[in-house]
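**Student:** Pasted the sequence and its predicted model underneath.
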Amino acid sequence: MRIDYPGLLGACLLAICSAVQVDLSSAAFLQRRLPGAHGHERRRRKHACNRMASSTLPDCPRTLWSDIDVDYLRSGTSAHPPSDASLWDRLLSPLAAYPSSAHLRDAAPFPAVIESTAERNTEGASFFMRNRAAILEQLRKSGAVWLRGFDLMETECGFQAMYDALGLVPCLDPIHSSGLRKMVAPKQAVYETVNKPSLSKHYVGMHNESTFKKSAVFGAFVCFRPAREGGEFLVADGAEILRRLDPDVVASLCNKKIRISVTNLDFPFLSRLPAPLRTSVKGLLQDLISRLVAPKFDMELEMVWGADGVPHRLQAIEPMQSPVNLHPITKRPLWFCNIHNHSRWLRDRRPCTVPEVGMTEVYHGDLSPIPSEHVEHIDKVTRECIVEIPMQKGDVVLVDNYRTLHGRNIFDGERMHAVTWFKGVTPGEGAYFSVDTKRDTASGEGVRGSGEYDFTAGDLLNEAINKFLVK
């Protein structure tokens, strides 16, 4: 007998929520489905690919944290070492008016732009294989590379051919089990980005694809269908953000650390219980969710009552972390912090259509609030560093996930962007973050494999959440 595990798990999750009366009614917007045209186009692209893919995918590697010398950051030392000429120069488009790189202090543009030509399109994946070293060198220098106008990446199959040619080694999303990103092409390791109509008016703030525990090394964002209006892909240089931030604000956050709350679970029925019973029930709920639910998300979450002042709200909060990190390879100090995306103060003041259960918050390490003037300053500096990229069909933006923050503007119409995450690259000329794919372990460059994911069994939590909640 075959058991429908995703259906069973989804039913159990919904039953648990119903039993404890979690206020998830505001999540009804998640029940809407994408227009049928999306599904048809995805099936067409997927079926067009005849390449046999591996049946396993490595887990996302652990986040590589470095101790930060706050006095060094206060010294004002430039985050940008001098640039030098290299073989990637011949690939770059002339630096015209777009995108602006005036705010950078070295010669490396951000993002770098590699334009297609008729000859390059004729080469297909061979162009990327032949220029692998140059493109990876540019990624190391600039932190982001916009591959613009290439026919190859208009399909999932061609997109995979491109990243295979560069030797990029795909891995799971850092929060794969959360189901927040659906795998639209599992065999090609392609996740859908935030395209859903219900979230089209939600501004995705600047963030690295990371948690305290896991971080992708590289990302490749691809456009299969641009929005009718808006929906620009946003990037910002973490080194430049850090250089512009007030040293006193940075030092305060580095000394106090930060903690990120990733969800709000409201239990309004608790207010109607007698005080002694209420205390017991809150303890039971906290223990139940800590033991049975939080571990499934693999984020080392702590369940905390009332951290934001709402007494019957249970928040899932990550461990303390620094807002600044050193790049594991270049050793540049970087703004490596998701406060611009997760701050409740900012979300309440910009387009946001996420229900209460999906609202996030950022605290000091002791769970005290971060002053609004600090958040305002971080927002202002971050927005000054944002470059909007109006990606068209087939465009790909490669990002170094430790250095480059990304986000997404609000949009109208249908939009289909996707992303694949990578744990590193295969050894060879130009490689950094190189990994030994035969052993699925690091080659000494700082990336450690942490297991494999078996597609034959499927990921139950990801499938269940996407089937029952995220539509």
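**Tutor:** The structure has been received and is ready for your questions.

**Student:** use CA for all of it now, contacts and neighbours both
**Tutor:** Will do.

**Student:** Just the helices from the stretch 351-471 of the chain, written as ranges.
**Tutor:** 372-385, 460-468 (DSSP state H, counting those that start in this stretch).

**Student:** To clarify, my last question referred to the chain.
**Tutor:** Using DSSP state H, the helices found in the chain span residues 5-19, 36-47, 70-74, 118-123, 125-130, 132-142, 156-165, 238-244, 247-256, 275-292, 339-342, 344-347, 372-385, 460-468.

**Student:** C-alpha coordinates for the fifth one, CSV please?
**Tutor:** The one in question is helix 125-130. Output in CSV follows, covering the C-alpha atoms of helix 125-130 (Å, rounded to 0.1, in the frame of the first residue of the first chain):
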residue,chain,number,x,y,z
ALA,A,125,27.2,26.4,-23.3
SER,A,126,30.6,26.3,-24.9
PHE,A,127,31.0,30.0,-24.4
PHE,A,128,30.7,29.6,-20.7
MET,A,129,32.9,26.6,-20.6
ARG,A,130,35.6,28.4,-22.6
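
**Student:** shaky segments in the stretch 151-300 of the chain?
**Tutor:** Low-confidence segments of the stretch 151-300 of the chain, defined by pLDDT under 70: 178-181.

**Student:** got the helices of the chain as TSV, with distance to Thr360 and mean neighbour count columns?
**Tutor:** Listed next are the helices of the chain as TSV, based on distance: least, CA to CA, whole Å; neighbours: other CA atoms under 10 Å:
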stretch	distance to Thr360	mean neighbour count
helix 5-19	19	15
helix 36-47	29	13
helix 70-74	27	14
helix 118-123	43	13
helix 125-130	39	18
helix 132-142	30	22
helix 156-165	32	22
helix 238-244	21	22
helix 247-256	18	17
helix 275-292	18	13
helix 339-342	5	22
helix 344-347	6	19
helix 372-385	14	16
helix 460-468	18	20
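
**Student:** Switch those helices over to a markdown table; also include distance to Val362.
**Tutor:** Shown next, in a markdown table, are these (distance: least, CA to CA, whole Å):
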| stretch | distance to Val362 |
| --- | --- |
| helix 5-19 | 25 |
| helix 36-47 | 35 |
| helix 70-74 | 21 |
| helix 118-123 | 45 |
| helix 125-130 | 40 |
| helix 132-142 | 29 |
| helix 156-165 | 34 |
| helix 238-244 | 18 |
| helix 247-256 | 11 |
| helix 275-292 | 20 |
| helix 339-342 | 6 |
| helix 344-347 | 7 |
| helix 372-385 | 10 |
| helix 460-468 | 24 |
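
**Student:** Poorly predicted segments of the stretch 1-150 of the chain, please.
**Tutor:** 1-55, 72-108.

**Student:** hmm, back to that, of all the helices of the chain, which one comes closest to Phe110?
**Tutor:** helix 132-142 (5.7 Å; CA to CA).

**Student:** What angle do helix 156-165 and that closest one make with each other?
**Tutor:** Counting by axes from the mean of the first three to the mean of the last three CA atoms, to 10 degrees, helix 132-142 lies at 90 degrees to helix 156-165.

**Student:** Phe159 and Leu147 touch, don't they?
**Tutor:** No: contact criterion CA atoms under 8 Å: Phe159 and Leu147 do not qualify, at 11.3 Å.

**Student:** hmm, back to that, show me the one of the helices of the chain that comes nearest Thr437.
**Tutor:** Of all these, helix 156-165 comes closest under CA to CA, at 12.6 Å.

**Student:** Walk me through the domains of this structure.
**Tutor:** 5-60+88-230+390-468, 247-379 (automatic domain parsing).

**Student:** quick revisit: for His207, find the nearest of the helices of the chain.
**Tutor:** helix 339-342 (6.0 Å).

**Student:** Pull the distance from stretch 290-301 to the chain's centre.
**Tutor:** 19 Å (CA atoms, centre = their mean, to the nearest Å).

**Student:** what residues does it touch?
**Tutor:** 175-178, 211-214, 302-303, 316-319, 461 (CA atoms under 8 Å, 6 or more residues apart in numbering).

**Student:** same thing with stretch 355-372?
**Tutor:** 23-24, 26-27, 253, 256-266, 307, 320-321, 339, 342-345.

**Student:** pLDDT of that stretch, averaged?
**Tutor:** Taken as a whole, stretch 355-372 has an average pLDDT of 96.

**Student:** Check which residues of it are buried.
**Tutor:** Under the neighbour-count criterion of 16 or more other CA atoms under 10 Å, stretch 355-372 has Glu356, Val357, Met359, Thr360, Glu361, Val362, Tyr363, His364, Gly365, Leu367, Ile370 buried.

**Student:** Show only the entries of those found in strands.
**Tutor:** Mapping these onto strands (DSSP state E) picks out Glu361, Val362, Tyr363, His364.

**Student:** measure the third one to Leu405 for me?
**Tutor:** So that's Tyr363. Taking CA to CA, to the nearest Å as the measure, Tyr363 falls 20 Å from Leu405.

**Student:** Next, give phi and psi for Lys393.
**Tutor:** Note on Lys393: its backbone torsions stand at phi -50, psi 130 [degrees, to the nearest 10].

**Student:** residues contacting it?
**Tutor:** Contact partners of Lys393, counting by CA under 8 Å, 6+ apart, are Gly149, Glu154, Val222, Cys223, Phe224, Arg225, Pro226.

**Student:** out of those residues, which is most surrounded?
**Tutor:** Within the contacts of Lys393, Val222 tops the neighbour count with 30 neighbours, counted by other CA atoms under 10 Å.

**Student:** just the buried members of the contacts of stretch 355-372?
**Tutor:** By 16+ other CA under 10 Å, the contacts of stretch 355-372 give 23-24, 253, 256-266, 307, 320-321, 339, 342-345 as buried.

**Student:** sorry, back to before: looking at the contacts of stretch 290-301, spot the one nearest Ala133.
**Tutor:** Among the contacts of stretch 290-301, and counting by CA to CA, the member closest to Ala133 is Lys214, at 26.7 Å.

**Student:** How many residues are close by the nearest residue to Pro226 once chain neighbours are set aside?
**Tutor:** Closest residue in space to Pro226, ignoring its immediate chain neighbours: Arg415 at 5.2 Å, by CA to CA, 6 or more residues apart in numbering. As a burial measure, Arg415 scores 23 neighbours (other CA under 10 Å).

**Student:** Quick one: residues contacting Arg415.
**Tutor:** Contact analysis of Arg415 by CA under 8 Å, 6+ apart lists Asn195, Lys196, Arg225, Pro226, Ala227, Arg228, Gly231.

**Student:** ends of stretch 185-195, how far apart?
**Tutor:** Span of stretch 185-195 from end to end, CA to CA: 15 Å.

**Student:** hang on, isn't Gly124 packed against Met153?
**Tutor:** No: here Gly124 lies out of contact with Met153, judged by CA under 8 Å, at a distance of 9.1 Å.

**Student:** Between the two, which is the more surrounded one?
**Tutor:** Met153 (25 against 18).

**Student:** And Thr211, how close does it get to Ile329?
**Tutor:** Distance from Thr211 to Ile329, by CA to CA: 19 Å.

**Student:** typo on my end, it should be Phe422
**Tutor:** Distance from Phe422 to Ile329, by CA to CA: 16 Å.

**Student:** Compare those two (neighbour count), which wins?
**Tutor:** Shown here are Phe422 and Ile329; by other CA under 10 Å, Phe422 has more neighbours (26 against 12).

**Student:** The spatially closest residue to Asp379 that is not a sequence neighbour: what's it in contact with?
**Tutor:** Nearest residue to Asp379, sequence neighbours excluded (CA to CA, 6+ apart): His340, at 6.2 Å. Shown in contact with His340 (CA under 8 Å, 6+ apart): Gly205, Met206, His207, Leu346, Ile378, Asp379, Thr382.
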